[in-house]
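Enquirer: what would the 3D arrangement of this be:
(2 chains)
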Amino acid sequence: MELIAEILISIILVVAGIFGLVGSYGLVKLPDAMTRLHAPTKAATLGVGGVLIASLIWFLVLSEHHASWHELLITILIFLTAPITGLMIAKSNLHLTWLPEDLPQPPNGGQWATFDEGKIPPALQEEHDPESLRGD
Amino acid sequence: MISSALIFASLCFGVGQLLCLYRVVFAPGVADRVLALDTMTINMIALITLFGIFYDTAVYFEATLLFALVGFVSTVAYAKFILRGDIIE
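Expert: Predicted coordinates for the structure are as follows:
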């Protein structure tokens, strides 16, 4: 049992290390900003997930003989937050490198939020009415 | 066997960390810098976890969890700042 766990942990660690290295190398190697986004958000996240699962098996089988759920918590956290950071950075790439006329228009005749000059939504307009703020 | 695999994985993530550092210094745009910083936090989480396996202690998990949370929040704050010029509107 322990030998199987050792082999499993070693394989997972080597694969995770290669994934992490590929993810970071892709950040340097790939040609433009949007393709560079792919490498860390996918490969490096998978590499970290592999390391954390190897750590889970290590503490479960070889070290403490009971599962510590910290790793699972961190893995879930990273897997949940990686797409959100990817989306935010993709949006900032879009904002920095594209002109508003070249983008497809959003529905309802509005403008994309990142190019909109701080427009106040109608529900809040009374609160932010400059006339009422000025007072007497 | 595990120790050599640990050393191999640590080397991989360490080299990855250096590549990210290169990208932070010589980046073509500001979004690439933010992306490289995010990848640096992710690689650092892996390195701390490997360190914890190497010395057989569970002390470092709290540090790892904090690193993951702070890395996510800082990346989103940077991206929000690029997008809107303000973090909390």
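Enquirer: so which residue is dead centre in chain A?
Expert: Against the mean C-alpha coordinate of chain A, by CA atoms, centre = their mean, the closest residue is A:Ala82 at 2.0 Å.
Enquirer: so what's it up against?
Expert: Neighbour list for A:Ala82: A:41, A:45, B:42 [criterion: CB atoms under 8 Å, 6 or more residues apart in numbering or on different chains]. Any C-beta I mention is one placed from the backbone N, CA and C, and that applies to glycine too.
Enquirer: turn the residues you listed into a markdown table, including distance to A:Leu30 and neighbour count.
Expert: Formatted as a markdown table, those follow (distance: CB to CB, whole Å; neighbours: other CB atoms under 10 Å in any protein chain shown):
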| residue | distance to A:Leu30 | neighbour count |
| --- | --- | --- |
| A:Thr41 | 12 | 23 |
| A:Thr45 | 16 | 23 |
| B:Ile42 | 17 | 31 |
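Enquirer: ok, back up a step: just how off-centre is whichever helix or strand the residue nearest to the centre of chain A is part of within its chain?
Expert: Taking DSSP states H and E as the definition, A:Ala82 sits inside helix A:70-97. Helix A:70-97 has its C-alpha centroid displaced from the chain centroid by 1 Å (CA atoms, centre = their mean, to the nearest Å).
Enquirer: which non-adjacent residue is nearest B:Val76?
Expert: Nearest residue to B:Val76 in three dimensions, chain neighbours excluded: A:Met88, at 5.6 Å (CB to CB, 6 or more residues apart in numbering or on different chains).
Enquirer: centre-most residue in chain B?
Expert: Using CA atoms, centre = their mean, the most central residue of chain B is B:Thr41, at 1.4 Å.
Enquirer: check the gap between that one and A:Pro104 for me.
Expert: 33 Å (CB to CB, to the nearest Å).
Enquirer: again, but for B:Gly71
Expert: Distance from B:Gly71 to A:Pro104, by CB to CB: 32 Å.
Enquirer: in the strand or helix carrying B:Phe8, what's buried?
Expert: Assessed by DSSP H and E, B:Phe8 sits inside helix B:2-25. Neighbour counts using 16 or more other CB atoms under 10 Å in any protein chain shown place B:2, B:5-6, B:9-10, B:12-17, B:19-20, B:23-24 of helix B:2-25 among the buried residues.
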